[in-house]
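In: mind looking at a prediction? Sequence and model below.
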Amino acid sequence: MDALLLQYPWLDELLMGFLGLSWKHVVMWIISGLLIYLAVRKGYEPNLLLPIGFGALLANIPASSAVSQVVGEEGFLWTLYKAGIANELFPVLIFIAIGAMCDFTPLIQRPIVMLFAAAAQLGIFGTAVLATLLGFTFPQAASIGIIGAADGPTTIYVASRFAQDLLAPLSVAAYSYMSLVPVIQPPVIRALTSKKERQIKMGYQEEKPVSQTTLFIFPIMVVMIAGIVAPISVALIGSLMFGNVIKVSGVVDNLSKCAQGELANLTTLLLGITIGGTMTADKFLTPQVALIMALGAVAFVFDTAGGVLFAKLLNLFCKTKINPMIGACGISAFPMSGRVVAKMALEEDHSNFIIQHAIGVNVAGQIASVVAGGLVLALIPALSK
Amino acid sequence: MNSAVASALTMMAVALPTMFLVILCFMGATILLRKIFMQK
């Protein structure tokens, strides 16, 4: 073959794809095929998993021009990576879009639900400790723990700052497990609660309406408090709350609609395919990545357990009992987690409607996960010294 | 103890209570907001 290539040098160019092919590429094709299958056939986070799967396919064709890092011949996925991931722009834009979609009314009506959301962030820190015990460096471990926030943009934001080499597996794990909430959470909840506890009725309470002024000041207040505690989190929480302010202000409906529609869709598309582009075989097919995927599942289990156990703890002191299942909704996977728990309550007792409470906790989870991300962002540099 | 493990444990010990404090601040401020700007 070498002799043939020496005799006909143009053959090298023509056969570049075949000659560069290895079993690792084939495995990555299978993985990208699986992601595309899960998105298209199973409907698991299709907005993200489909672009990620396709991006992974583009990145794993030998000598792919899509991911070329050769100066002057840079592939578009590499250009997008530098323009939107390396400088954390895409996660911030996604947060503006999410903020514009959020309705904090249930949270403002029942502020106590924020406590469940705080407890449900336990998984982040527990998983980080576990990851360091398995040999990851502290910044890597903290970035792995963030998967437990069930918050894709926060995961990408933290990873792009402190664990760029693990960005691809962390993003894939975060979004995959977010879509697997209906599979992961119910067994953990059942294991930690009795049938009697799952049947606790919380009733429907007619809450007083929230004034427009309160809705408007709430996001500004959250930014100020979180920003003063952890200034490094301002980019994350600030963009989330900016999106919400343009929605609740009521004077820029065009911007709000743009953020919820075009901005959300375009950034999701670019973010997905760019993350997929980082899933090259040499970086993805490592024992470390297998460990990250396993730790991601552990983070979700810990989070669910943290929320449920906290609710059980409160029940020891409260006169009016809380259905401990709502504690599990304190993660950021909205509204999936709230719906899963509400459905479980109905399965236990056909007259038990806890969706109002579950969704309130789930909304609080969105804020708590960003606050937790901000604290991790602040503490990684401080504790790495 | 490995320094990475120690850092992760310190992060847990610092971040969890801080998290609850921040959330309590949010709760207090939210209750105050609702009281001041009550829907008529």
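Out: Good, I have the coordinates. Since the structure is predicted, the reported quantities are computational estimates derived from the model, not experimental observations.
In: C-alpha from now on. contacts and neighbour counts both.
Out: Fine.
In: give me the low-pLDDT residue ranges for chain A?
Out: Applying pLDDT under 70 to chain A flags residues A:204-206.
In: show me which residues of the stretch 201-350 of chain A sit near chain B.
Out: A:208-211, A:213-214, A:217-218, A:221-222, A:225-226, A:229 (CA under 8 Å from any CA of the partner chain).
In: if we go to 6 Å?
Out: A:S211 (CA under 6 Å from any CA of the partner chain).
In: now the stretch 201-350 of chain A against chain B: closest residue?
Out: A:S211 (4.7 Å; CA to the nearest CA).
In: next, count neighbours for A:A119.
Out: 27 (other CA atoms under 10 Å in any protein chain shown).
In: do the same with A:L133
Out: Applying other CA under 10 Å, we find 18 residues neighbouring A:L133.
In: and if you look at A:L19?
Out: 12.
In: quick one: residues contacting it.
Out: Shown in contact with A:L19 (CA atoms under 6 Å, 6 or more residues apart in numbering or on different chains): no residues.
In: distance of it from A:D12?
Out: Distance, A:L19 to A:D12, by CA to CA, to the nearest Å: 8 Å.
In: number of nearby residues for the residue of the stretch 201-350 of chain A closest to chain B?
Out: 15.
In: next: A:L379.
Out: A:L379: 22 neighbours (other CA under 10 Å).
In: that one: what's its closest spatial neighbour, skipping adjacent residues?
Out: Nearest residue to A:L379, sequence neighbours excluded (CA to CA, 6 or more residues apart in numbering or on different chains): B:M11, at 6.6 Å.
In: what does A:Y81 give?
Out: Using CA to CA, 6+ apart, the nearest residue to A:Y81 is A:T274, at 5.9 Å.
In: flag every buried residue along the helix or strand where the one you found lies.
Out: Secondary-structure assignment from DSSP states H and E places A:T274 in helix A:264-277. Residues A:264-265, A:267-277 are the ones in helix A:264-277 that count as buried (16 or more other CA atoms under 10 Å in any protein chain shown).
In: please apply the same query to stretch A:214-222.
Out: Using 16+ other CA under 10 Å, the residues of stretch A:214-222 that count as buried are A:T214, A:L215, A:F216, A:I217, A:F218, A:P219, A:M221, A:V222.
In: in a markdown table, list the residues you listed along with secondary structure.
Out: Below are the buried residues of stretch A:214-222 laid out as a markdown table (DSSP: H, G, I helix; E, B strand; the rest coil):
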| residue | secondary structure |
| --- | --- |
| A:T214 | helix |
| A:L215 | helix |
| A:F216 | helix |
| A:I217 | helix |
| A:F218 | helix |
| A:P219 | helix |
| A:M221 | helix |
| A:V222 | helix |
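In: and the contacts of the helix holding A:T274?
Out: A:L48, A:P51, A:I52, A:G53, A:G55, A:A56, A:A59, A:L77, A:Y81, A:A97, A:A168.
In: starting at the chain centroid, how far to the helix or strand following it?
Out: As assigned by DSSP H and E, the chain's next helix or strand after helix A:264-277 is helix A:281-284. Relative to its chain's centre, helix A:281-284 lies at 22 Å (CA atoms, centre = their mean, to the nearest Å).
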